[in-house]
Structure formats: C-alpha cells, structure tokens
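# sequence and predicted structure below; questions after.
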There are 2 protein chains.
Amino acid sequence: MATFKPRTLSGFMELLPAPQQQMEKIMEILRETYALYGFTPLDTPAIEDAQVLLAKSGGDTEKQIYRFQKGDSDLALRFDLTVPLAKYVALHYNELAFPFRRYQIGKVYRGERAQRGRFREFYQADIDIIGDGKLDILCEAEIPSIIYNTFTRLGLNRFVIRVNNRKILNGFYGMLGLRDKAADIMHTMDKLDKIGESAVKDILVDSCGLSLEQADEILRFATIRGSNEEVLQKLSQYAGKNELLDAGREELSAVCQNLSAFGVPQSHFAVDLTIARGLDYYTGTVYETTLLDYPEIGSVCSGGRYDNLAEFYIDKPLPGVGISIGLTRLFYVLGEQGLLNPALPTAPADVLVLPMTDDPKEAIRLATYLRNCGIRTQLYTEQKKFKQKMSYADKLSFPFAVILGEDEIAQGKCALKNMQTGEQALLSYEETATAIGKALEEREQIAVILEQ
Amino acid sequence: MATFKPRTLSGFMELLPAPQQQMEKIMEILRETYALYGFTPLDTPAIEDAQVLLAKSGGDTEKQIYRFQKGDSDLALRFDLTVPLAKYVALHYNELAFPFRRYQIGKVYRGERAQRGRFREFYQADIDIIGDGKLDILCEAEIPSIIYNTFTRLGLNRFVIRVNNRKILNGFYGMLGLRDKAADIMHTMDKLDKIGESAVKDILVDSCGLSLEQADEILRFATIRGSNEEVLQKLSQYAGKNELLDAGREELSAVCQNLSAFGVPQSHFAVDLTIARGLDYYTGTVYETTLLDYPEIGSVCSGGRYDNLAEFYIDKPLPGVGISIGLTRLFYVLGEQGLLNPALPTAPADVLVLPMTDDPKEAIRLATYLRNCGIRTQLYTEQKKFKQKMSYADKLSFPFAVILGEDEIAQGKCALKNMQTGEQALLSYEETATAIGKALEEREQIAVILEQ
C-alpha cells in the first residue's frame, strides 16, 4: 500500500525526459564552448563550512542560505559559485598556475520565497579568469567573444552584449564630487530600464540627496547613445578631467579594439553607459547580455572585472574577470517563450531495435553491432504486440526503428523504418548503420534554441 | 586582511584541475556508454521533503542523513539516487513510457564518520530499467554488457562481472526449511570473501541458529565452482525440488545464454553463487564487479533485479533492474592504486597561443581561427618574459604552444612547438590546425585508466 504521496518541493526544477535532454544539450554546449577557450572544469562541494561561506556576506544572503548543524559542524549549502571559487583559489594557491581559468556548472541554493520562475535550487554556469597580482585587460576583451560564441552555438542570433566600465561611472561621479555616493547612484541607475528616467531622477534627488542639476547631468551622461565608436568619442570630451574616468575610457576602448579579431560582430556588442551591475565588488569592465526580442527577461549572462577575489581568505591581491549564466532560470524562460527547438532530438536513443522472433539473439547481435558503430541503440525487451512496440517508439520519438523478423534474418538483413517519414527499407546491417549515421550527422546541426 | 582560514570540509572531495580532468573524462565515458544503450539522462533535486525521502528507510539511513528545517519545511539531502527515482516514477507515472530507462550521475550525501577513502558527499552513477507491471528477463541479460562496455571504455580489462540470482538462494534455503532465515543467512554469506568460511559457519550456527549440517550444506552450495556452464549444470541436480530455485536457475541460464550476442566475453563473466548483495529489496539477478588484481577494493559496480521500486509512493507494481557505480570512491581508489593514466591529457586546452608582439591582434586572430577549427585554444594574455610564458605552458602540460612574433607574422605563419618532443616548426595557420588536429586524434585513444 502506497503510504506517501510523492512530491517534489516547490522551487525545485525536475524535468521530464524530453526537456531534460534539451537541458543536457545546453550544458554540453556550455562545457564545449568554455573548454574551447582554455577554461578547466572545476567541481567543489555543495556543502561548505558556514563560517567560510558567509565570510563576506550579509543581508539577503544570510536570510536565504540553507544553513544547518550536523554533529558539531555548522554547515551551509553554497549560494553561488564565486565564494567557493575564492575559497578554492586561496586554499590551493600554491598548486595553481596563474592566470587560472576555470569553468564550473553546478547547483546553488537560495531559500527565496517560491514564485513562478524563481528557483531555490538552480544551476549556475560560471567562467572566471584569476590573475596573481595582475590581470591583463586582454582578458576583459576576450569575455565578449566567449559570450557571443556560447549563445550563437545555442542557436541564438538576436542578442546583444552590453558593456560598460565601473571606472567610468566612479570617475564621472567623482568628477561631480559624488564619489562617496557612487554605490547608491549605481544601484539607482541600474533600475533605469525598469522604472524609467523620471522615477530614477526622483530617487537620485530624494533618497541619494543629489541636486537636480547633478541628477540631470548623471542622466544625460547615462543616456549617451550611438555606435560604439561614437560613444567612445563622446566620452573623450571628459578627457583629463578625472584620472579614474580616463582609465576607464582607455580600458573600454581596449575592449572594443580587438572585437573583430575575437570574431564578435559589431552588431552584437554595445557600449552602454547605463550598465552598472548591482554587485559592489566589480571594479572595471561590466557585462550584460540581453535578448533583443525579450528585454523583459533582463540579462541572461552577466559579469565583470573585480580586483580582489579572495581577500577574506588570503593576503594576496587576486584580480579577476568572470561571467555567469543562471542556467535554470534561462531554461525556464526559454521554455516559457517557446524558444526551445522542437526539432532537437530528445529520444533516449537513435534507434529502437524490435525483435519479432521468439529468440532475441539476432536482434541482440544487431543492437551490439549498431552500438559498436557508435549509434545509440535501445533493444526493445518486452513481449508485446507489434502495435504496442511501435506506439512506444512513437511516444519516445525515436527517429528510427529496426524490425527484425524471421524473413529479414533469413536474408541477413533488417527492416529500417524512418519514424518521421514512415519510409521502410530492407537493408544489410552495414547499410543500416550507414543510413542512421548519415541522418544523425544532419540532426547534429539542429540547434537547441530556435528563434521565432 | 584575510580573516577566515579557507578550508574544505573533511569527507568532501575537491580535486585540483588535473585530476578533475580525469574525473570529467570518466563521467563523459559513463554518459556516452549509458546513452549508447538507450538510457535517458535524469536530474532530480538534491533536496527533498524528508518524509518522502525517508518513507522506506530506517536505521543507518536515519542517522547518516543530512536533515534540516527551512521555514516550516522538513528537508533532507538525498542519500542515494534510487529513492528519488522511485519518487520520480511514481509522480510522473502517467507521463512516462515503460520500460523507462534512465541514467543519473549525481551527488548524494551521507554524514558518515569521516575516514580515509570514505566520503560524505559522493557521486553515484546509476542506470535503471523500470517496467510497468512486468519486465522481461532480457533486461537482466543486457546489464552485464553495459558493465563490460563501461569498464572496457575506461581502459580496464582485468575485471569480472559476478552474477547470481536471489531466487536460487531463497529457493535453496527454502528447500532446507530455512526460508524465514533467508535474509540473515544472505547477510552472513555476503561476508564470505572478507572473513572466510569458518567464521561464516560460526555465525550461521551461533547467530542464525542453523544446525551444523545446514551450515555445511549452505557453504557447500555456495562454493560450487566451475565454468558458467558447469555451475549451471551442477545446479540442475536440484531441479524439481523447489519451484523458486528452479525459476532462479532458469533466469540465470537465460542471462548467460545471450552473453556473446551482447558482446561480453566468457572471461569477464562468472556465475558465482556466493553473491547475495546486502540490500533486501533485490529479488532476482544480482551483480557485482570486481577488479582481478584488487579484490580488496570490493565490488566497483553492483546491482540487481527488484520487484517493486516505488511501493511506498504508488499502488502499481514497478519491477526493475539497475546497477550503481560509487564514482567518487572508485576515483579515489583508482588514484590510490596508481591506475589513473598519466598520459591522459589534463591541460585546460590543446594549445597555448603566445603573442610576442605589443599588439596582440594577430595572435587573437590565430586563436579565433584555431577555435573555429574545433581546437581548444588558450590565448596567453599576460605581459611576461618568454621564459615565464613557456614555464606556464609546461606547468599546465599544454601539448602544444604556438609562438607568434614579428617574423612569423611577416611571413603569415606561426611557430608550432610540440611541448613533449620540443620540436618546433614554422607553419601556416592551416597547417598548424591540421598538425594539432592529427595529434589530438591520437590522444583521443588514450584511456583514463591504465592497468599495470
């Protein structure tokens, strides 16, 4: 007697097999693309010492974190992949070679209030480059090419990577004598997209204590528009007025300079002085990536340059640059918007072998042969009617079925059925492997995301 | 000022980049091999409702489980992948097609006392085939071929898959009038390898309450030896004496029958009547896999047939068969025994591009070109002396470095250095990609495990 109602906790994504295959494909592309740029895969524990994990944090993190005792240990589940990276680099500092480039795709945990599209357990897919003492601006210039390549390989084209530099913002606020209000101003400016110019202006004046003139000047600055070259050109009017601003402008210019060598088209890259990123620890280049047709989703890949990854764990300056994709949320949103390509194969295998004889030996041999050819092959094992076997193949969307009865065996052949077209042909085992292999090569080209 | 000493909790594996690459390679091979047999990947939350997770359990599980409150919720970390599978299949019963074949490679948590080689967070790599009401014996026959293929692809040859059937044991004990002591006897017999015959006999008599004769008969039965055919032959002397024993003998015989069609050599498969598996829920075929040269490691891949996966969650009989690899422990043991192949590439990329000019543009172009050819390429970004750049390439074991100075650029070429042989050649970009590509194909053949 079943005594417990099975359930999955709310806020925890659990996919059916077909969408799980889509998710796996996305993760495979991320792994491949990150590796293409020389990032090494890393895996750190999901549970850490709570003290270590919370060294730097406060506020929301403390509230959201899953923290618990086991024996005498004060434990917590990681809430991002950055703090574990900081711990890792500090702990293994002497064993690593710098620049240290790693990617990590892993689950993180935040006990937020559950709501549609918000997850308590979710994948982050991060890359970071960590320098020892120094890190060249070239790393910041490389990041947009990784973002571009990643999203293009997923099947997206209509997106833009928006880039800014915190030194420009801090320098500009400093120029206005507002350096110590920089953080508040940036937090406010970050809302520009969401709440609009006049609401932002109100906050700048009422909450941040700026004069109307200062607020206007900041808004005017943030809305400098034009091509990348034009924006950089307009920025040069401030040259010599503030050292930090100058440094930021030079860095931004260096990032833009090598875009085409890195294979990033101008169309997919925009200098955007409104980008600030909420997190305080960014100190240089900052990135956001937005889907042109779905601005309401917000940034799907963000990050930036920071000066000190692991200051709480080690007395060495470890500057770095990194980006993060909130994979679980991205997957959810892609599904909601109907952007997941229904043509992507999601069957558990490429072919289903159906034995039609009492002795399954020849069907087993054929399945073994196909597997040795690298073809994902499921042997249908159950004693069912032909119709039920075909309906199983249909339900799971197998692209091919192979039928093996007495007649076929007598001829040393098998019947290969294309489940999409319904076509069926009597082929040798070798011909079967070739035909399936050819179709698979075509299916390999199918992207996981299909823009509409 | 660093204020927290970074540390990783004891019992939690955290690898340096090179061994992590070995671990990733193992996981990649498991994913590929499981998929080759038509298993679909699955991913379930690491956190579940504690009530749901503990529906069936007791004893050690209760003690070892990580259980905690968050708000009003009673939560726990999964301690295996079988209970979450049972929940998943019960919850999504109407949306799945049966037989349902899934693999899952994921972390599980057990707060055991920490000791060398024991982990509190560890990967399990499971496959299961779940039937709806029925599941053909053919599934049980297929499992050894998956085990064989998996370990062979990892690079192992000296291993044997030991197979038995619980019906044979239960039937035999029933024949002796000991059916209700079957579980105790099996638990005891499971220790035969570890504590030897006479100690087992003592337990059977003293703790299980068997007569000396019964204990002798059971030990005699368990030590039936010979080729697979010989053992089955010897078993047939009991034919007709007990229905369950007969059924078990027929199943075991059916499993053996199709081995060669499934591509499993006789040398890697042994009918072994001592195999029982500790877990009570197995009801038919049981498997263990042992490394011939390292019997002390115990089984590296075990599993079996069960009749009722999800009885606590759904009133449907869901028989299945599955196996599990304790991946983290296996990896640890392979390392301890020196079986991880040092020749397996562990560099973050296939080639390191070293710009030797002030303007990195041409080096960036070359890196972009190589990536477009599918070659994992890291661009060296820092301003360092040539010697330091080469020492970085050495330390990370890059197989190739490409040096690009004024001279090379003037000729439209680059200098490709084979880091293993020290050979260097001036090549066009295309020739460079071809040369690296060719070397990579050879490296693709390198197995992750190297037997000694």
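Cool, the structure landed. Residues are numbered from 1 along each chain as shown, chains lettered A, B, ... in the order given.
# please make it C-alpha for all contacts and neighbour counts, starting now.
Will do.
# what's the neighbour count on A:Glu431?
Neighbours of A:Glu431 under the rule other Cα atoms under 10 Å in any protein chain shown: 14.
# any idea which residue is closest to the centre of chain A?
The centre of chain A sits closest to A:Ile325, judged by Cα atoms, centre = their mean, with a distance of 3.2 Å.
# by mean pLDDT, which helix or strand of chain A comes out lowest?
The helix or strand of chain A with the poorest confidence is helix A:60-64; it has a mean of 81 (mean pLDDT, DSSP states H and E).
# what does that one contact?
Contacts to helix A:60-64, defined as Cα atoms under 8 Å, 6 or more residues apart in numbering or on different chains, come from residues A:54, A:79, A:110-112.
# check those against chain B and report the nearest one.
Distances from chain B to the contacts of helix A:60-64, taken as Cα to the nearest Cα, are shortest for A:Gly111 (7.7 Å).
# which SS state does the closest one fall under?
Of the three states, A:Gly111 takes coil according to DSSP: H, G, I helix; E, B strand; the rest coil.
# tell me the SS of A:Gln104?
Judged by three-state DSSP, the three-state class of A:Gln104 is strand.
# pull the number of nearby residues for it.
24.
# quick one: the least confident helix or strand of chain A to chain centroid distance?
Using Cα atoms, centre = their mean, to the nearest Å, the mean C-alpha position of helix A:60-64 is found 23 Å from that of the whole chain.
# buried residues, it. List them.
By 16 or more other Cα atoms under 10 Å in any protein chain shown, the buried positions in helix A:60-64 come out as A:61, A:64.
# the helix or strand just after it vs chain B: in contact?
Following helix A:60-64 in sequence order, the next helix or strand is strand A:67-70 (DSSP states H and E). Yes: counting by Cα under 8 Å from any Cα of the partner chain, contacts between strand A:67-70 and chain B involve A:68-70.
# where is pLDDT lowest across these?
Here the lowest pLDDT out of the residues of strand A:67-70 next to chain B sits on A:Lys70, with 90.
# excluding its backbone neighbours, what's nearest that residue?
Leaving aside its sequence neighbours, A:Lys70 sits nearest to B:Tyr66 (Cα to Cα, 6 or more residues apart in numbering or on different chains; 7.1 Å).
# residues near that neighbour, how many?
Neighbourhood size, B:Tyr66 [other Cα under 10 Å]: 21.
# okay, it: pLDDT?
At B:Tyr66, pLDDT is 95.
# contacting residues for it?
Counting by Cα under 8 Å, 6+ apart, B:Tyr66 makes contact with A:70, B:76-77, B:109-111.
# near chain B, which residues of the stretch 301-450 of chain A?
A:311-315, A:347-349, A:361-362, A:364-365, A:368, A:371, A:374-379, A:381-383, A:392, A:395-396.
# buried among the contacts of helix A:60-64? Need that as a selection in ChimeraX.
In ChimeraX syntax, the buried subset of the contacts of helix A:60-64 is picked out as below (16+ other Cα under 10 Å):
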select /A:54,79,110,111,112
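# and A:Leu16, how far from A:Asp394?
A:Leu16 sits 16 Å away from A:Asp394 when distances are taken as Cα to Cα, to the nearest Å.
# backbone phi and psi for the residue nearest to the centre of chain A, please?
phi -110, psi 130 (degrees, to the nearest 10).
# ok, A:Asn258 touching B:Glu362?
No: counting by Cα atoms under 8 Å, A:Asn258 stays clear of B:Glu362, with 9.7 Å between them.
# show me where the stretch 251-400 of chain A has its helices.
Secondary structure of the stretch 251-400 of chain A (DSSP state H, counting those that start in this stretch): helices at A:327-336, A:361-372, A:386-395.
# now the last one: average pLDDT?
In other words, helix A:386-395. Helix A:386-395 carries an average pLDDT of 96.
# now find how far off-centre it is within its chain.
Computed by Cα atoms, centre = their mean, the chain-centroid distance of helix A:386-395 equals 36 Å.
# circling back to that earlier point, which one of the contacts of helix A:60-64 is nearest B:Tyr429?
Using Cα to Cα, A:Phe79 is the member of the contacts of helix A:60-64 that lies nearest B:Tyr429, at 43.8 Å.
# contacts only, for the closest one.
Counted by Cα under 8 Å, 6+ apart, A:Phe79 has contacts A:61, A:65, A:108-110.
# hmm, try it at 10 Å
The contact partners of A:Phe79, by Cα atoms under 10 Å, 6 or more residues apart in numbering or on different chains, come to A:46-47, A:53-54, A:61-62, A:64-66, A:107-111, A:120-122, A:124.
# run through who's touching stretch A:336-345.
Contacts for stretch A:336-345 (Cα under 10 Å, 6+ apart): A:18-19, A:21-23, A:25, A:117, A:154-156, A:294, A:330-335, A:397-399, A:440, A:443-452.
# of the residues you listed, grab the buried ones for PyMOL.
Of these, the buried ones go into a single PyMOL selection, burial set by 16+ other Cα under 10 Å:
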select buried, chain A and resi 18+19+21+22+23+25+154+155+156+330+331+332+333+334+397+398+399+446+447+448+449+450
